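A.B. asks: give me coordinates for this.
(2 chains)
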Amino acid sequence: KAGVTQTPRYLIKTRGQQVTLSCSPISGHRSVSWYQQTPGQGLQFLFEYFSETQRNKGNFPGRFSGRQFSNSRSEMNVSTLELGDSALYLCASSLAGNNSPLHFGNGTRLTVT
Amino acid sequence: DQQVKQNSPSLSVQEGRISILNCDYTNSMFDYFLWYKKYPAEGPTFLISISSIKDKNEDGRFTVFLNKSAKHLSLHIVPSQPGDSAVYFCAAPRGGNTPLVFGKGTRLSVIA
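C.D. replies: Numbering: from 1, shown residues only, chains lettered A, B, ... in the order given. Reported below is the predicted structural model:
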């Protein structure tokens, strides 16, 4: 069974630009969550989608948005990039959320210059 | 508000000895806990979990202990191996269909 796939693996963008990251969950998983990892801050929750609906949202500004498609694939978008947005963005899928363990992709490393 | 806290950012252990990673939580409503391991350039992988109805769960070299009265859990790795060198995160769901809350992680270095 293929794991969670995130593309691209690396991105370099300039301040003010926007970026779209993609995530393909494990087949059959309907919940997709996004996390931001920065040094010293651990994993900060961005949002979770279940059956194309945003079910949960973390404390990030509106510049961060996402969506989920009918095949459970998900994208997240960051507009008007800031230097502080440089981070590893991790996508995770699970069967139904709740106590189902999350299965993470290898992440997209975003660098904003 | 850091509901799950890992107060040791790093830990160094000799190969073959026991590694003990600690995690404290503040929300007494948490009833399920998970540990994840993360290697550089990879996503975290699920390691072991424990429900609040238990105080211990064992899987091979990995054992998680839960002390509900102290709101504390620990992950024991015995014996530690160089391949265990990674960042370890503890996590808990806030209940219902809410996402996992993660600690900031502890970097374990196992020295041969």
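A.B. asks: so which bits of chain A are right by chain B?
C.D. replies: Those residues of chain A that sit near chain B, judged by CB under 8 Å from any CB of the partner chain, are A:4, A:33, A:35, A:40-43, A:45, A:48, A:50, A:55-56, A:58, A:90, A:92, A:96-99, A:101-107. In this view, the C-beta of every residue, glycine as well, is placed from N, C-alpha and C.
A.B. asks: narrow those residues to those in strands?
C.D. replies: Residues of the residues of chain A next to chain B located in strands (DSSP state E): A:33, A:35, A:42-43, A:45, A:48, A:50, A:55-56, A:90, A:92, A:103-104.
A.B. asks: and the lowest-mean-pLDDT helix or strand in chain B, what does it pack onto?
C.D. replies: Ranked by mean pLDDT, DSSP states H and E, the weakest helix or strand in chain B is strand B:100-102, scoring a mean of 89. Counting contacts by 3 or more CB pairs under 8 Å, 6 or more residues apart in numbering or on different chains; DSSP states H and E, strand B:100-102 packs against strand A:42-50, strand B:86-93.
A.B. asks: so which of the ones you listed gets nearest B:K5?
C.D. replies: Ranking the helices and strands packed on strand B:100-102 by proximity to B:K5 (CB to CB) places strand B:86-93 first, at 8.9 Å.
A.B. asks: how many neighbours does the closest residue to chain B within chain A have?
C.D. replies: Proximity of chain A to chain B (CB to the nearest CB) peaks at A:F104, 3.1 Å away. When neighbours are defined as other CB atoms under 10 Å in any protein chain shown, A:F104 has 23 of them.
A.B. asks: center of chain A, which residue is that?
C.D. replies: The centre of chain A sits closest to A:W34, judged by CA atoms, centre = their mean, with a distance of 3.2 Å.
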